[in-house]
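*Asks:* Sequence plus the predicted model coming up.
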Amino acid sequence: MKKKSIAVGNSSFITLIEGSRCYVDKTAAFQPLIESGTLVDLITRPQGFGKTLFLDSLNCFLAIDMENPGSTAKQHQHFKGLKVAENQDFCRKYMGQVPVLALSLKGVDGATFEDAYRALVQIIAEAAQAHAYLLKSPRLTEENKKLLRKYQSLDFMRDPGNIDYASGFLRNMLFFLAKHFDRQAMLFLDDYDVPLARAVSHGYYTEMSDFCRAFLDILKPEAGPLVNHRPVLQKALLTGCLCGSKEGILPGINNVVVNTVSSNNMHLSSSMGFTEPEVRALLDYYGLSSRLEDVRHWYGGYCFGSSEIFCPQDLLNFCEKALASADPRDFKPGNFRLDSSSSRCDVIDEFLSFLTERDAERMQTLIDGGSIEIRINQELRHSDINRHLSEDFWTLLLFTGCLAIAKPVGDRKYLLRIPNEEIRDTFRNRVQARFSIENRSFTAHGLKLAEAAAWGNASGMADVLAPLLRIYVSLRDTAAIAPAENCCHDFLSALFACASNRINDFQSNAESGDGCADIVFSSGNNPNRFGVVIEIRRAAHPEDMLNAVDNALKQIDERKYAECLRRMRCRKYYAYGIVFCGKECEVGGGKLREID
C-alpha cells in the first residue's frame with residue numbers, strides 16, 4: 001500500500017501510482033504466474049475484486065516502452081518499493097522486456113449481435129491504433145501493414161462483411177508484435193466472458209460463441225503462426241466470472257490452468273482481493289484500525305484457497321466515506337453496491353424466480369445465518385443458466401460473490417454460506433422485493449387469496465397458499481430467530497397487503513373482544529359490507545393440523561375477535577383458521593356468520 005488518497009473503482013495502475021492514490025501491493029504474484037509454465041491461465045473472480053487492476057499492473061511491469069524500447073526507467077520509477085522489485089533476477093528477465101497485447105471485453109454489449117459486434121470492433125480499432133508504431137517497422141511486410149491499417153479503421157471494421165478480419169485480430173496482432181520485436185508476445189484479456197454473458201441475456205449466444213471460438217483460436221499454439229520457429233504466443237492471461245471450459249470457445253487448449261474461487265493455488269488465491277494483514281495495514285494507515293471488526297463483518301468472509309479475503313471495492317468505499325465523515329470512528333458501514341452494481345441483484349433475482357422447494361429451504365438456512373452443502377458445477381457456462389438447474393444457480397451465486405465457501409466436504413461438494421452483512425443485506429432486499437406489492441406476480445397471488453377469503457372459499461385459499469409456501473423465504477432476525485408462526489403471519493400480511501384494492505381496513509394483531517385477532521379486514525360496500533377474521537396457528541406434526549384449525553376457529557368465537565368489525569360497519573363475517581406445518585397448510589372455516 002502506498003499514497004494517501006483513495007480512488008474507488010480506478011483500475012489504472014499508472015494513475016494510482018502517479019496520482020498519489022492508495023495501491024495495495026499485489027506484485028508478489030507476478031513471478032509465479034509468469035513462470036508457471038502454462039500457456040493459458042484463466043483467473044475467475046467476482047466483480048469488485050481487482051481483476052482489472054491486477055492485469056493492468058502486470059501489463060505495466062512487463063510491456064516494452066514503445067517510446068524508448070529497451071528502457072526500463074518508467075518501470076523502475078513506478079514499481080520502486082513494491083514486492084516485485086525485490087526479485088532482481090525476475091526484473092532483469094521480464095521488466096519492460098515483453099510485447100504485450102492487452103484488451104478488455106467489458107464493454108462488449110448490445111441488444112443484437114450486430115450491436116455487440118460494433119462495440120467489439122471499437123475495442124479492436126483502439127488497440128490497433130495503440131500499436132501504430134508497427135507501421136514503421138522494418139520487419140513487417142507491406143501486406144502486414146496494410147492489414148494493420150484495416151484494423152485501425154473503425155469504418156472498415158464495422159462492416160459486417162469484414163467479420164473474418166475481426167475474428168483473426170488476436171492472431172494477426174500477436175504475430176505483428178512478435179515479428180517486430182523478434183520475441184514471443186503475451187496476451188492479456190480482461191472480462192473475456194462478458195460478451196457471452198450479454199449474448200445469453202439478449203438471445204444471440206450461438207452467434208457470439210461462434211465468433212469467440214474463432215477470435216480465441218490463437219490460444220492453441222499449434223494453430224498459430226511462428227516467428228523464428230517459435231509460436232508467437234508466449235503466454236495468455238484471461239480473467240472473467242466463469243471459467244466456461246465447456247463454453248465451446250476454448251476447445252483443444254490443453255495447457256490451460258483455471259484458478260477459481262474454489263482453487264487452492266497459494267500464489268494466486270490472494271492475488272485479487274485483500275487479505276486480513278493487508279486490511280489491517282490499510283486501516284492503520286488511515287487511522288481506522290478500530291474499525292477492523294466492522295469491515296470484517298460487512299465486507300470480509302470470503303475464502304479463496306487458504307486465504308481469508310475481503311472485497312476491495314467495498315472496503316475502499318467504506319474507508320473513503322468514513323474519512324470524509326464527521327467522525328470516521330463512528331461511521332456506519334453500509335451496502336455500497338446494492339444500487340451501483342446491478343449484476344449481483346440480477347443473479348439473485350434470476351435465482352428467486354426459479355426456486356424449487358428444496359432451494360427455498362436452503363435459501364432460508366442461508367438467510368438465517370447457516371451453511372448449506374452444494375455440489376458445484378466447476379465447468380458452468382453462461383448458456384447453462386437458461387436451463388435453470390439448481391446446481392448451476394448455486395454455482396453462479398458462488399462465482400459472482402453472493403456466496404462463499406465455508407469448507408470443502410467432498411468431490412466438488414462444499415459448504416456454502418453468505419459471506420458478510422453486505423451480501424446478506426442484498427439477499428434480504430431482493431427477497432423482500434420478491435414478496436412485495438411491487439412484484440406483480442406476488443400481487444396477483446395476494447388478490448386471489450383475498451378473493452377466495454371474500455367468497456368464503458377456504459379450499460381456494462389453501463390452493464393459493466400451498467405452492468407459495470414451498471418457495472417462501474422469510475426475513476427473520478438472525479440475532480434472535482423469530483418463531484416460525486410469526487413468519488407465517490408476516491407472509492399472510494404481505495399477501496393481503498397486495499390486495500388493497502379488494503379489501504379495506506386491514507389490521508394485523510388487532511385488539512378485539514378479549515384479545516388480539518391475528519388478521520382482520522372488511523370487504524364489500526354497505527349494506528353488504530362484511531368482515532374477515534383469521535387466526536393463525538403452527539402445528540408440530542401434519543396429523544395435528546386439522547385439530548389446530550378447529551381450535552383456531554374456536555378461539556375466534558370464544559374471544560369474540562369479530563367485535564372490532566362493528567367499527568368497520570360490518571354485520572356479518574367469515575372466520576378462518578389457517579394452520580402451518582413446515583411447508584404445508586390447512587385452511588378451515590368460511591361460513592358467513594352474524595356478529596353478535
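*Replies:* In hand now; what should we look at? Nothing here was measured: the structure is a model prediction, and the numbers come from that model.
*Asks:* If you average the pLDDT over the lengthiest helix in the chain, what comes out?
*Replies:* What stands out as the longest helix in the chain, according to DSSP state H, is helix 113-130. Here helix 113-130 scores 97 as its mean pLDDT.
*Asks:* need the next SSE after that helix, C-terminal direction.
*Replies:* With elements assigned by DSSP states H and E, the helix or strand that comes after helix 113-130 is helix 142-152.
*Asks:* That following helix: which residues count as buried?
*Replies:* For helix 142-152, burial by neighbour count (16 or more other CB atoms under 10 Å) applies to 144, 147-148, 151-152. (Glycine included, C-beta is placed from N, CA and C.)
*Asks:* Can you find the helix or strand in this protein with the smallest mean pLDDT?
*Replies:* helix 342-352 (a mean of 74; mean pLDDT, DSSP states H and E).
*Asks:* And that helix, what does it pack against?
*Replies:* Applying 3 or more CB pairs under 8 Å, 6 or more residues apart in numbering; DSSP states H and E, we find helix 342-352 packed against helix 390-399, helix 421-434.
*Asks:* quick one, which of the ones you listed is nearest to L268?
*Replies:* L268 lies closest, by CB to CB, to one member of these: helix 390-399, at 15.6 Å.
*Asks:* separation between S390 and R470?
*Replies:* Separation of S390 from R470 (CB to CB, to the nearest Å): 14 Å.
*Asks:* got it, and L366?
*Replies:* Counting by CB to CB, the gap from L366 to R470 is 17 Å.
*Asks:* Looking at the two, which is more packed in?
*Replies:* Comparing L366 with R470 by neighbour count (other CB atoms under 10 Å), the higher total belongs to L366, at 21 against 17.
*Asks:* Which other helices and strands does the host helix or strand of that one contact?
*Replies:* Element membership for L366 (DSSP H and E) is helix 357-367. Here helix 357-367 touches strand 372-375, helix 390-399, helix 421-434, going by 3+ CB pairs under 8 Å, 6+ apart.
*Asks:* State the number of residues packed around S290.
*Replies:* 11.
*Asks:* hang on, it packs against R329?
*Replies:* Yes: at 5.8 Å, S290 counts as touching R329 under the criterion of CB atoms under 8 Å.
*Asks:* what's near enough to touch N264?
*Replies:* Counting by CB atoms under 8 Å, 6 or more residues apart in numbering, N264 touches 305-306.
*Asks:* In contact with A433, which residues are there?
*Replies:* Counting by CB under 8 Å, 6+ apart, A433 makes contact with 349, 439.
*Asks:* wait, L565
*Replies:* Residues in contact with L565 (CB under 8 Å, 6+ apart) are 512, 520, 522, 531, 533, 573, 595.
*Asks:* Give me the buried entries from these.
*Replies:* 512, 520, 522, 531, 533, 573.
*Asks:* Would it be right to say that the fifth one lies in a strand?
*Replies:* Okay, so that is V533. Yes: assessed with DSSP: H, G, I helix; E, B strand; the rest coil, V533 lies in a strand.
*Asks:* Unless I misread the structure, I556 falls within a helix.
*Replies:* Yes: counting by three-state DSSP, I556 falls inside a helix.
*Asks:* What sits closest to it if chain neighbours are left out?
*Replies:* Nearest non-adjacent residue to I556, counting by CB to CB, 6 or more residues apart in numbering: A575, 4.7 Å away.
*Asks:* Give the helix, strand or coil label for the one you found.
*Replies:* Strictly by three-state DSSP, A575 counts as strand.
*Asks:* and F188, what element?
*Replies:* For F188, the host element (DSSP H and E) is strand 185-190.
*Asks:* Sort out which residues of that strand are buried, please.
*Replies:* Buried residues in strand 185-190, counted by 16+ other CB under 10 Å: 185-190.
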